[in-house]
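S.K.: Got a predicted structure here, sequence first:
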Amino acid sequence: MRIIDPPKRGHVSETGAVSSIQRAELEMPVATLEVVWRQSNLERLARAYWRYLNRVSLGLLRVVYSPTARTVVLLVRPFNLLRFMAPKYDVAPRDASVTWRIDRGLLVAKEGRGRGFLRISIDRSPDPAPGRARIGISAEVRNFYPWLRGSGRFARFGTWLYSHTQVRIHAFVTHGFLRSLARLELPPARVGTLRGEIADGAGPDARNVRAGSRASGSDTSSS
């Protein structure tokens, strides 16, 4: 795996929306890609992000699932840090994405409610060699209004504080998540929005993904 956009701290404005994006490329055998590139696995990829967030935070951050929302909580409610609307899935022959609209939460400024989104995208690049495949994976946040930045006289210090805390944490989590995908270990779905979704992780798709990952070995490394 090759991280194209490594974590870096850019300029954060004292007003308006903030955005960030990181991208990685993953090379694998075509046979492995044929197993992974299925509609039923897109929701599992989405859940992999939330599972990684829980693991890297040592269980402090949990994701509460419901048919209409995904809520990131600090240990328990009512500490709702981020509430996302139900995910939207878009699948095409050579690209796919899952998008969560940002609803509200303790980390979202009032003027940013319902305006931003988190998106994970996958696109297939031209095959680098016979029998080999390459995909690009992007994780991005767009049009986010951070509460921590504040406004007025506090905005200058708030912007500095946001840049040195929340921005760095997000970059660290996203970078780690992208690298974790090199193992191609997707968890079972929690909600099962997509038709044919695997409910318990014991179906043939789950076994095939794990088998494909083991068979490829170093084939899932960077190009």
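M.R.: Nice, I can see it.
S.K.: quick one, what contacts Val72?
M.R.: By Cβ atoms under 8 Å, 6 or more residues apart in numbering, the contact set of Val72 is 50, 53, 61-63, 80-84, 105. Any C-beta I mention is one placed from the backbone N, CA and C, and that applies to glycine too.
S.K.: Please point out which parts of the longest helix anywhere in the chain sit buried.
M.R.: Using DSSP state H to define each element, the chain has its longest helix at helix 39-56. Residues of helix 39-56 classed as buried: 40-53, 56 (neighbour count, 16 or more other Cβ atoms under 10 Å).
S.K.: Kindly report the same for stretch 81-92.
M.R.: 82-85, 87.
S.K.: got the end-to-end distance for it?
M.R.: Taking Cα to Cα, to the nearest Å, stretch 81-92 runs 32 Å from one end to the other.
S.K.: residues in contact with that stretch?
M.R.: 39, 42-43, 46, 61, 67-74, 96-108, 118, 193-194.
S.K.: Of these, keep whichever come out buried.
M.R.: 42-43, 46, 61, 69-73, 96-105, 107-108, 118, 193-194.
S.K.: Surely Asp127 touches Ala133?
M.R.: Yes. Using Cβ atoms under 8 Å, Asp127 is in contact with Ala133, at 5.5 Å.
S.K.: Need the residues touching each of the two.
M.R.: The overlap between the contact sets of Asp127 and Ala133 (Cβ under 8 Å, 6+ apart) consists of Val30.
S.K.: the more surrounded of the two?
M.R.: Set Asp127 next to Ala133 and count neighbours by other Cβ atoms under 10 Å: Ala133 wins out with 21 against 13.
S.K.: hey, what's the more buried one bridged with?
M.R.: Counting by DSSP bridges, Ala133 forms beta bridges with Met28.
S.K.: same thing with the one 5 residues further on?
M.R.: In this structure, Ser138 has the following beta-bridge partners (DSSP bridges): Arg23, Ser121.
S.K.: tally of neighbours for Ser19?
M.R.: Ser19: 12 neighbours (other Cβ under 10 Å).
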